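Asks: fold the stuff below for me.
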Amino acid sequence: MDFDERGAGDVRVSHGEDDVFITKLTSDGEYLWTHTFGGIWPDSARAVAIDASGVIWVAGYFSGEVDFDEFGGGDIRTSQGAWDTFITRLAPDGTYLGTTTFGGPDGVVAGAGIALDADRVVVVGNFGGTVDFDPADGLDVHTSYGDREAFVFHMTTQGQYLKTDTMGGTLFDRANDVAISNDGDIAVVGDYDSADMDFDPGFGEDLYSSNGQADFFVTQFYCGDCTEVNRHDLRIRDTTLISTVYTSMRQGRVKVRCEGPDGSLTQTRRTDGDGVVKFAFENLVPGEYTCEILRVQDRRGNVACEGPFSERHAIVE
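Replies: Numbers count the residues shown, from 1 in each chain. Take a look at the predicted model:
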């Protein structure tokens, strides 16, 4: 394939059925460069993002042995299972910077979407079987409940693994794309087949039943500096604000503050056995309110996160 057939030419030959290519053009469509890699089995790039310094991040999946830096110093990786996920970085001029991979010997894990902020990289996709999502020497093993589950993988922009959230049911469920908001929340979109799809990646349950094959979903998570917090929801019921915080800490303590026309209101409560805690601010006067998490502690009182963070807004009418 000639990636620059209207210019000087840049011909590449695939190693197998499908190889990955990353091509860069100017804003006017002028060809700059192409980076390719692949093995004898199908390999696929599914998503791309560019950070503030111009570094290009690409997520996808590969099978078998692949040299991710074939035209440079070489960086050969072998998938653990049928498909492993890769996250590859290239400099603005196309120079190879590195690749992160993860998978499992009896698993399938396919990256499908990627998003960045100043500190974090989030990759989503689907997996089946047993997968170790920690790309380093540690272990973070998840086993799918059904055919496939959705995953949300987190690492720092320096390559340090943080965590992976998974959600699914008994059938084929997958995450297809992801975005990060300015305040650190992440939104994940995908589709699910399961009649028992659990969107809560923690100890609790948030069950939905598909109306047919491949129902659409949008799920929002908290993705800020506190890795112990999975989600913060704010809802209105008449003149009551209900703040629900989902954490990874059973029997911990969470402090929340809500500010509005009634002034500043704070509550501290203990999480339940699922790591969830609800706050009810009742009999509020009409107006706009802002609620945020001030502190998260473990069951021994040790402070895990100090706020304020995970700000939410609501209007009481």
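
Asks: now do the buried residues in stretch 40-57.
Replies: Buried residues in stretch 40-57, defined by neighbour count with 16 or more other Cβ atoms under 10 Å: 41, 43-47, 49, 55-57. The C-beta positions use only the backbone N, C-alpha and C, and glycine is treated the same way.

Asks: an error on my part: the question was meant for stretch 227-237.
Replies: 228-232, 234.

Asks: closest one of those residues to Asn302?
Replies: Glu228 (11.0 Å; Cβ to Cβ).

Asks: residues touching that closest one, list them.
Replies: Taking Cβ atoms under 8 Å, 6 or more residues apart in numbering as the contact definition, Glu228 lies against 247-249, 252, 296, 304-305.

Asks: which of these has the most neighbours?
Replies: Taking other Cβ atoms under 10 Å as the neighbour criterion, Thr247 ranks highest of the contacts of Glu228 with 28 neighbours.

Asks: ok so, going back, which one of the buried residues of stretch 40-57 is nearest to Ile87?
Replies: Among the buried residues of stretch 40-57, Trp57 lies closest to Ile87 (Cβ to Cβ), at 6.5 Å.

Asks: quick check: pLDDT value at Asp119.
Replies: We have a pLDDT of 84 for Asp119.

Asks: just to revisit the earlier point, if you look at the contacts of Glu228, which of them are in strands?
Replies: Within the contacts of Glu228, residues falling in strands by DSSP state E are 247, 296, 304-305.

Asks: make TSV out of those and add pLDDT and distance to Gln158.
Replies: Converted to TSV, these look like this (pLDDT from 0 to 100; distance: Cβ to Cβ, whole Å):
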residue	pLDDT	distance to Gln158
Thr247	88	25
Val296	95	24
Ala304	92	22
Cys305	92	20
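
Asks: for those, which one is nearest Phe71?
Replies: Cys305 (44.2 Å).

Asks: so who does the closest residue to that closest one other than its chain neighbours touch?
Replies: What sits nearest to Cys305 in space, not counting adjacent residues and going by Cβ to Cβ, 6 or more residues apart in numbering, is Cys226, at 3.5 Å. Counting by Cβ under 8 Å, 6+ apart, Cys226 touches 293, 296, 304-305, 307, 309-310.

Asks: where does Cys226 land in three-state SS?
Replies: On the three-state scheme (DSSP: H, G, I helix; E, B strand; the rest coil), Cys226 is labelled coil.

Asks: low pLDDT regions in this structure?
Replies: Scanning the chain for pLDDT under 70 picks out 202-204, 222-225.

Asks: hang on, Leu207 packs against Asp196?
Replies: Yes: if you go by Cβ atoms under 8 Å, Leu207 and Asp196 touch, sitting 6.0 Å apart.

Asks: what about those two, which has more around it?
Replies: Set Leu207 next to Asp196 and count neighbours by other Cβ under 10 Å: Asp196 wins out with 16 against 12.

Asks: hmm, back to that, among the ones in strands among the contacts of Glu228, find me the one that's closest to Tyr31.
Replies: For the ones in strands among the contacts of Glu228, the nearest to Tyr31 is Cys305 (47.2 Å; Cβ to Cβ).

Asks: circling back to that earlier point, farthest pair within the contacts of Cys226?
Replies: Ala304 and Ser310 (13.4 Å).

Asks: contacting residues around Glu317?
Replies: Residues near Glu317 by Cβ under 8 Å, 6+ apart: Pro286.

Asks: and for Gly138?
Replies: Gly138 makes contact with Tyr161 under the criterion Cβ under 8 Å, 6+ apart.

Asks: ok, now which ones touch Phe133?
Replies: For Phe133, the contact set (Cβ under 8 Å, 6+ apart) comprises 102, 109, 140-142, 151, 153, 161, 164.

Asks: surely Gly128 and Arg148 touch.
Replies: Yes: at 4.7 Å, Gly128 counts as touching Arg148 under the criterion of Cβ under 8 Å.

Asks: touching both of these two, which residues are there?
Replies: Joint contacts of Gly128 and Arg148 (Cβ under 8 Å, 6+ apart) are Val108.

Asks: picking up where we left off before, filter the contacts of Phe133 down to the buried ones.
Replies: Neighbour-count burial (16+ other Cβ under 10 Å) applied to the contacts of Phe133 gives 102, 109, 140, 142, 151, 153, 161, 164.

Asks: secondary structure element for the fourth one?
Replies: Secondary structure assigned from DSSP states H and E places His142 in strand 141-143.

Asks: show me what the helix or strand just after that strand packs onto, helices and strands only.
Replies: Next in sequence after strand 141-143, counting helices and strands by DSSP H and E, comes strand 149-156. With contacts taken as 3 or more Cβ pairs under 8 Å, 6 or more residues apart in numbering; DSSP states H and E, strand 149-156 sits against strand 120-128, strand 161-167, strand 173-180, strand 185-192.

Asks: what lines up beside strand 149-156 in the sheet?
Replies: Strands adjacent to strand 149-156 in the sheet, as given by DSSP bridges, are strand 120-128 (antiparallel), strand 161-167 (antiparallel).
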